[in-house]
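In: Here is the input, now give the coordinates:
(2 chains)
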Protein chains: 2
Amino acid sequence: MTTSEAVEDVTDRAVEGGYVQPVVDVAAMTTLLDGRYAEVRQLVRDNLAEHRQVLLDAESMTSADFRERVRDVVVEIAATGQTGMGFPEAYGGGGDIGASVAAFETLAFGDLSVLVKVGVQFGLFGGAILQLGTEPHHDAYLADLVSGRLMGCFAMTESGHGSNVQALGTTATYDPETDEFVVTTPDDASRKDYIGNAAAHGEVAVVFAQLEIDGASEGVHAFVVPIRSNGAVLPGVRIEDCGPKMGLNGVDNGRLWFDGVRIPRTNLLNQFADVTGAGVYESAIENPNKRFFTMLGTLVQGRVCVGGAGINAAKVALTVATRYAGVRRQFEATDPDREQLLLDYGMHQRRLFPLIARTYALHFAQEYVAGALHDVFMGPGPTEDGTDETARRKLESRAAGLKALGTWHATRAIQECREACGGAGYLSENRFAALKADTDVFTTFEGDNHVLLQLVAKGLLTDYASEFEDMDQFGMVRFVAGLAVETVIERTSAHKLFTRIKDALPGGDQWDQEAGLLDPNYQRAMLRFREEHMLGGVARRLKRGIDSGVNPGEVFSQVQDHVIAAARAHVERMVLDSFVLKTRELPDGDQKVALNLLCDLHALTTIEADRAWFMEHGRLTVARSKSISREVNGLCRKIRPLAIDLVDAFGVPESMLRSEEILR
Amino acid sequence: MTTSEAVEDVTDRAVEGGYVQPVVDVAAMTTLLDGRYAEVRQLVRDNLAEHRQVLLDAESMTSADFRERVRDVVVEIAATGQTGMGFPEAYGGGGDIGASVAAFETLAFGDLSVLVKVGVQFGLFGGAILQLGTEPHHDAYLADLVSGRLMGCFAMTESGHGSNVQALGTTATYDPETDEFVVTTPDDASRKDYIGNAAAHGEVAVVFAQLEIDGASEGVHAFVVPIRSNGAVLPGVRIEDCGPKMGLNGVDNGRLWFDGVRIPRTNLLNQFADVTGAGVYESAIENPNKRFFTMLGTLVQGRVCVGGAGINAAKVALTVATRYAGVRRQFEATDPDREQLLLDYGMHQRRLFPLIARTYALHFAQEYVAGALHDVFMGPGPTEDGTDETARRKLESRAAGLKALGTWHATRAIQECREACGGAGYLSENRFAALKADTDVFTTFEGDNHVLLQLVAKGLLTDYASEFEDMDQFGMVRFVAGLAVETVIERTSAHKLFTRIKDALPGGDQWDQEAGLLDPNYQRAMLRFREEHMLGGVARRLKRGIDSGVNPGEVFSQVQDHVIAAARAHVERMVLDSFVLKTRELPDGDQKVALNLLCDLHALTTIEADRAWFMEHGRLTVARSKSISREVNGLCRKIRPLAIDLVDAFGVPESMLRSEEILR
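Out: This next block holds a predicted model:
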């Protein structure tokens, strides 16, 4: 923000250099963004428009009424097939995981209580039945849940245990006498908390609990537990409403206690482990850690969906704020007789355009990750050579990382857009109120973002030693500084690290000082260098600390910010790569020129934001650092004439923007 | 965030160096923070506790009911004298401006609809009557408004004109036939918008309008216009509710249109200008610009109050989040049998402690500015030598700058605290929901923060030429790149700039490379250097652009981010100075040691956040930059044992924290 000197020069040169302002074909850009699932997205847009009244109801109804309203909307859109696309056709689904993600993301243009209710019902509850259950469970529940006739909960989180799922306190003890499990909440820290669908609508819950047989614990497993019948809470179950929340008040979050609730043995979701009638525990996956994380891994779709929802919520905010800046005038700046459009102020461009560029970047990264999700889950299944396992681990890491960046982006973009609309941004009719309040929890649910980035880092450290493919991928989350990391570092030589870092930069050490700032190879090499360097640094620091006999937890605490920065650097690099590759494959023309402007803006603002680090690590001279800031300002001025078209291309339905007063 | 290497070394050295962990006497620290107005603050705390139910009512009541509830609370606390402290004793006030600010700030610990309603009624409406009116107006309104019997509006902002007050469209035309003004809203862009007390409770409004006499405009003036009588809207007035808002739904914001509403000539608030019965316009201030900004300048108290409210709202969030981190455990990090407290994670310390330090820094800066406000407004009035004028201009600049930094800090701190509490942070009972939603508009009201920083920059540029004391201080806001700035630059030689920058650093160019990082002179010199350098750069760029014949508005647009950064650097320096000076004057002892830790943490995180700039401008080597990050981590570890006491010392009443579930 501090250096925008001589932007005029940059612009002049660009014009002299034969730069011709591209024209954005809005419809064509929307088609590009919608990608493979354009039809699915259009169905969702139509449904959103059909139910546009729900945006107003969110403001005027009591929480109790609005919950019913949201439930009704969910059931109605379920009937159009929109919410069941990821389920097998035999149960009324669409049999297409990728379509299911596209539908969910697009739903984020509208009321987010509807979105989250859909996520709870079809993603979490339905996903658990589908992925963790077997045919009898599918037959018993899928058709009813796909239609919305049977509402259910995903009861994992406890008051005392959020991210640390392996430490859950709820128990499910096998009783061989009756061939049942007895589900119990031992203390208040183990009550299930923040559970969607629990306070009002859920009739069954998938409960995650410590499976105990004969006094021995087999770890966390999932069980189907009925909690209501015809609206009445069942004996042994206690339910409490979580009460008013910052947002999403159309979702009935609640707390659950179980007091010796008995369920048939067959209610264990037994895809990965089972208990025989004789009380013998059986699983094809021998390692308990691996079993646990394989179970959790099947739920990766939730993270992909939340990340995508965050990105699409940001699109709504950016569309309103950019259009507003295109009609709102303030102060007579260039013309004494007419106030100037906000969009013509340099500072306003600096506030909005990098966010637009980053939204495009994240969109394409999300498209890539959603595609990988589709391929992994729709693929042929386990392969001899373990490539499917590798693909799953990569997917889990990418989904975690992109969820963190996508949801943080939403928080930041929505806030900036709100402020950029001044007092008007504070009125509910202009959408920011709901967007802010409803998306805020995205940064914490489906995994706290900081914890997710630690998970990404763990995966990266593991990659340093190729033998580690089958390690407990999520182990770092539970005990990050323990055995796993230690062993990784032992097997990674400093030499190997150094070589990898050098390889990241073609043409040797000085290459980057001569490359053009707008050369995507330069931009990518910079982010690659940062990622590798940070990762190597983390590994060295962890090793040094542990070698010196310090408590591993203590070592981790001291290195934690570095660990998280390394993970973030990795995801940033991945996001830029997606954008560059997407743009590269386009035919020459205005669309490509426009996307290249955005891609350059995204790359350079990403480097600029961390330019201190690049200078500290010898990758950026002072002069070059300043020239990046100039270039960013120059790019903003080039994007100015395209800005409205670029946000219109997001394809947010007009009725979802509301803002009739300020955009007219 | 990226470099925390070797923090262990720093800590070791500190211990070896004889560092002894201080103990914080919470009560003594609260006394220090409360300062001169400890009694006033205690009265407010008692009132907050008395009316604690309003925090719950905010969640459960309809907007309509909650507005009535908030009105009742406001009237009840008015009866305790809390809200009238700034008014003359003759009208039931307390006759102490400083006390009035202290009371308002402290009220921000509670429900913020109550706070804002108080601000609207006593600060804006009451302040306008007091400062812009004369004895007849005081006699007519003050006693009733101080008691809350007469509710009123401050009708300045229009839909089409927020920050640009001089461009307001509402007109008040003098009719000599009837000795009246005719108030008219010419078009929808000129309707009054977002006006507090307008939708339900206001009976009169102070309306800002273009004064027209005989077809000529005399600029914007303030008029008392009755809008309701016994709850019924008066003829010629149209009122519309602004509808649901992101927060502050206990405040009845509305829109006002006037259709030829006639008011007596004496309803002009005539402190600075008057119209005679014959229709002659008279003012002791000849320059219309100066007159306008003198009028606006008297309303500076509002900005001081909003800044203070933001800082105190941040205290609530930090108290909840820090205490929560002191009881919440997650993952077995250092001990395999017990999960670790969040507060013992390095990353968590990094997230919270710099915000605590900054809150202390802003608190002391606010104390300083509120003191200056008191002195200016309670002082003897105009002096021969114009020192009072200088003091007013300085106050206006500082109030604008601190309002921007204080309210941005609130937004950022509350968000970080919310996320640091995970899912629990999302429940309304844990306070973040209301804090976020209610404070969000602070960054835009009483002046958009970006516009306010431009105003600060204008003042600084003006300071470059001492002849400019009587220039229109606020002119930059209206037409920043016009005559004023041009002339300033003409009179400022490059040589003078350079000298000032060198003077900022004692001991010459190399001094800072050898100074200790914890030397407050070093820290202050760094911020001083940045401020001077940025300011000089802005002046040069403006001059270069204007000299080359580019449209001044165009030049300004290109330099705008630099202008705002310079202003921000100025305010940051002022904030650090306040903290350093406050700490220096304390007697030796644990309190001083603890505050020095916070002051160092604040100074170094401020430098760290902009370390790229310091490297780019030759003030920081790579090695020193990295050592600052290490030092910051070391300071966090020293503050860890004090953290809970440091937030408890803010003195937020227990009942205002709520969070019974998560803090028990």
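In: residue ranges of the helices in the stretch 201-350 of chain A, please?
Out: Read by DSSP state H, counting those that start in this stretch, the stretch 201-350 of chain A holds these helices, from start to end of the chain: A:288-297, A:300-325, A:346-378.
In: Let me fix that, I meant to ask about the stretch 351-500 of chain A.
Out: Counting by DSSP H, counting those that start in this stretch, the stretch 351-500 of chain A forms helices over residues A:387-420, A:432-439, A:449-463, A:475-479, A:483-490, A:494-503, given from the N-terminal end onward.
In: rank those by mean pLDDT and give me the bottom one.
Out: By mean pLDDT, the lowest-scoring of those turns out to be helix A:475-479, with a mean of 34.
In: Okay, strands next: where are they in chain A?
Out: Per DSSP state E, chain A carries strands over the ranges A:152-155, A:171-175, A:180-184, A:192-195, A:204-213, A:216-226, A:228-229, A:232-233, A:237-241, A:254-258, A:261-264, A:274-275, A:281-282.
In: packing partners for the last one?
Out: Counting contacts by 3 or more C-beta pairs under 8 Å, 6 or more residues apart in numbering or on different chains; DSSP states H and E, the secondary-structure elements packed against strand A:281-282 are strand A:274-275. (Glycine included, C-beta is placed from N, CA and C.)
In: Then the fourth one?
Out: Other elements packing on strand A:192-195 under the criterion 3+ C-beta pairs under 8 Å, 6+ apart are strand A:152-155, strand A:204-213, strand A:254-258.
In: Quick check: mean pLDDT of the first one?
Out: The average pLDDT within strand A:152-155 is 98.
In: Next, the distance between the ends of stretch A:141-154.
Out: Its first and final residues considered, stretch A:141-154 spans 14 Å by C-alpha to C-alpha, to the nearest Å.
In: Isn't A:Phe442 up against A:Val306?
Out: Yes: in this structure, A:Phe442 is within contact of A:Val306 by C-beta atoms under 8 Å, at 5.7 Å.
In: so what sits against both of these two?
Out: Taking C-beta atoms under 8 Å, 6 or more residues apart in numbering or on different chains as the contact rule, A:Phe442 and A:Val306 both touch A:Thr407.
In: residue ranges with poor pLDDT in the stretch 1-150 of chain A?
Out: Within the stretch 1-150 of chain A, the stretches falling below the threshold (pLDDT under 70) are A:1-17.
In: What segments of it are helices?
Out: For the stretch 1-150 of chain A, applying DSSP H, counting those that start in this stretch gives helices covering A:7-16, A:26-34, A:38-50, A:53-60, A:63-79, A:97-107, A:112-118, A:126-132, A:135-137, A:143-147.
In: With mean neighbour count and distance to chain B as added columns, please give those helices in CSV.
Out: Converted to CSV, those look like this (neighbours: other C-beta atoms under 10 Å in any protein chain shown; distance: least, C-beta to the nearest C-beta, whole Å):
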stretch, mean neighbour count, distance to chain B
helix A:7-16, 15, 5
helix A:26-34, 16, 26
helix A:38-50, 18, 20
helix A:53-60, 17, 4
helix A:63-79, 18, 9
helix A:97-107, 27, 20
helix A:112-118, 27, 12
helix A:126-132, 25, 19
helix A:135-137, 13, 28
helix A:143-147, 20, 24
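In: With distance to A:Glu531 as new columns, can the ones you listed be given to me in TSV?
Out: Converted to TSV, those look like this (distance: least, C-beta to C-beta, whole Å):
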stretch	distance to A:Glu531
helix A:7-16	29
helix A:26-34	27
helix A:38-50	32
helix A:53-60	41
helix A:63-79	40
helix A:97-107	26
helix A:112-118	32
helix A:126-132	31
helix A:135-137	42
helix A:143-147	41
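In: Please name whichever of the ones you listed is nearest to B:Thr170.
Out: Taking C-beta to C-beta as the criterion, helix A:53-60 is the member of the helices of the stretch 1-150 of chain A that comes nearest to B:Thr170, at 29.3 Å.
In: returning to that earlier point: looking at the helices of the stretch 1-150 of chain A, which is closest to A:Lys458?
Out: With respect to A:Lys458, and counting by C-beta to C-beta, the nearest of those is helix A:126-132 at 22.5 Å.
In: ok, now how distant is A:His570 from A:Val563?
Out: With distances taken as C-beta to C-beta, to the nearest Å, A:His570 is found 11 Å from A:Val563.
In: Who has more neighbours out of these two?
Out: A direct count of neighbours by other C-beta atoms under 10 Å in any protein chain shown for A:His570 and A:Val563 places A:Val563 higher, at 32 against 25.
In: The more buried one: what's its closest spatial neighbour, skipping adjacent residues?
Out: Excluding its sequence neighbours, the residue lying closest to A:Val563 (C-beta to C-beta, 6 or more residues apart in numbering or on different chains) is A:Ala457, at 4.7 Å.
In: can you list the residues of the stretch 251-400 of chain A near chain B?
Out: Counting by C-beta under 8 Å from any C-beta of the partner chain, the stretch 251-400 of chain A comes close to chain B at A:329-336, A:339-340, A:344-347, A:350.
In: Between all of the residues you listed, which two are at the greatest distance?
Out: The distance between the two most remote of these (C-beta to C-beta) is 25.2 Å, for A:Pro336 and A:Arg350.
In: Show me which of these two is the more surrounded one.
Out: In this comparison of A:Pro336 against A:Arg350, neighbours counted by other C-beta under 10 Å, the higher total goes to A:Arg350 at 19 against 9.
In: show me what contacts the residue nearest to A:Val563?
Out: Contacts for A:Ala457 (C-beta under 8 Å, 6+ apart) come out as A:Met476, A:Leu535, A:Val538, A:Val563, A:Ile564, A:Ala566, A:Ala567, A:His570.
In: Spit out the contact partners of the fifth one.
Out: It stands for A:Ile564. A:His450, A:Leu453, A:Gln454, A:Ala457, B:Met1, B:Met347.
In: Distance of A:Ala273 relative to A:Glu212?
Out: With the distance defined as C-beta to C-beta, A:Ala273 ends up 13 Å from A:Glu212.
In: Between those two, which is the more surrounded one?
Out: Under the neighbour definition other C-beta under 10 Å, A:Ala273 and A:Glu212 were set side by side, and A:Ala273 has more, 23 against 17.
In: quick one: the more buried one and chain B, what's the gap?
Out: As for A:Ala273, its distance to chain B is 24 Å (criterion: C-beta to the nearest C-beta, to the nearest Å).
In: pLDDT wise, what is the closest residue to that residue other than its chain neighbours at?
Out: In space, and not counting its chain neighbours, A:Ala273 is closest to A:Ser283: 3.8 Å by C-beta to C-beta, 6+ apart. On pLDDT, A:Ser283 comes in at 96.
In: Now do A:Ser283 against B:Pro288, distance only.
Out: Look at A:Ser283 and B:Pro288: by C-beta to C-beta, they are 85 Å apart.
In: And for A:Phe293?
Out: When C-beta to C-beta is the yardstick, A:Phe293 and B:Pro288 sit 73 Å from each other.
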